[in-house]
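J.: only geometry, no sequence info:
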């Protein structure tokens, strides 16, 4: 029986291991060797990447608001929630949250320390609207026996998040927003 050369044996092993196959497609052993050595130009030793935070990262203090929300609605709007979290600045506090629809898609509406942020789960590029808190910002609410909607009047247009099943959360956001806007109007 003829013995395979070492290169053929290595190829066969790579075909059985998808990770090795992927490495070979990206440049094979040279890429893996470079990554393992963590050296940069001129063979200077590079520090490792910092470890990501452990546990829950509660940007803006939103965890408590999500815990109070309906679990089914949170699950439906999870993509929108994640997109909204990425859009928050590190020092931006989330004061109130509603879950509903924006442009006909599952969405989150956040009142933060600086703005109202609406984000939906539109695939690949969520629709988003950032409305700065200003003395002339108005909010109007409607509700029936099943759901509520909030319309924010800004720059001559109405921006609406609808189908808010948790009507008390819509009342809370509108009340908090009106209070913040009133504080801006009174210097």
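T.: Arrived safely, thanks for sending. Just so we're clear, the structure is a prediction, and the values are computed from it rather than from any experiment.
J.: contacts, neighbours, all on C-alpha from now
T.: Noted.
J.: so where do the strands sit in this protein?
T.: According to DSSP state E, the chain carries its strands in the segments 94-102, 105-112, 115-120, 128-132, 138-143, 148-154, 157-164.
J.: Leaving out the residues flanking it, which one is nearest to residue 134?
T.: Nearest non-adjacent residue to residue 134, counting by Cα to Cα, 6 or more residues apart in numbering: residue 181, 6.2 Å away.
J.: er, residue 99 I mean
T.: Distance criterion Cα to Cα, 6+ apart; nearest residue to residue 99, sequence neighbours excluded, is residue 108 at 4.6 Å.
J.: likewise residue 116?
T.: Leaving aside its sequence neighbours, residue 116 sits nearest to residue 131 (Cα to Cα, 6+ apart; 5.0 Å).
J.: how many other residues sit next to the one you found?
T.: 18 (other Cα atoms under 10 Å).
J.: Also residue 93?
T.: For residue 93, the neighbour count with other Cα under 10 Å is 18.
J.: So it versus residue 157, what's the distance?
T.: From residue 93 over to residue 157 the distance is 26 Å, taken as Cα to Cα, to the nearest Å.
J.: what's residue 117 in contact with, if anything?
T.: Applying Cα atoms under 8 Å, 6 or more residues apart in numbering to residue 117 gives the contacts 84, 109, 110, 111, 128, 129, 130, 131.
J.: dump the residue contacts of the third one.
T.: Which is residue 110. Residues in contact with residue 110 (Cα under 8 Å, 6+ apart) are 94, 95, 96, 97, 98, 116, 117, 118.
J.: Tell me the buried residues within those residues.
T.: Using 16 or more other Cα atoms under 10 Å as the burial test, those include 94, 95, 96, 97, 98, 116, 117, 118 as buried.
J.: pLDDT (mean, whole number) over stretch 106-120?
T.: If you average the pLDDT over stretch 106-120, you get 97.
J.: actually stretch 135-152, not the one I typed
T.: Confidence for stretch 135-152, expressed as mean pLDDT, is 96.
J.: Pull out the buried positions in that stretch.
T.: Residues of stretch 135-152 classed as buried by neighbour count (16+ other Cα under 10 Å): 137, 138, 139, 143, 147, 148, 149, 150, 151, 152.
J.: again, but for stretch 69-76
T.: 73, 74, 76.
J.: With stretch 84-104 instead?
T.: 84-85, 93-103.
J.: what sits up against the biggest helix by length in the chain?
T.: Taking DSSP state H as the criterion, the chain has its longest helix at helix 167-185. For helix 167-185, the external contacting residues (Cα under 8 Å, 6+ apart) are 95-98, 111, 133-141, 143, 147-150, 164.
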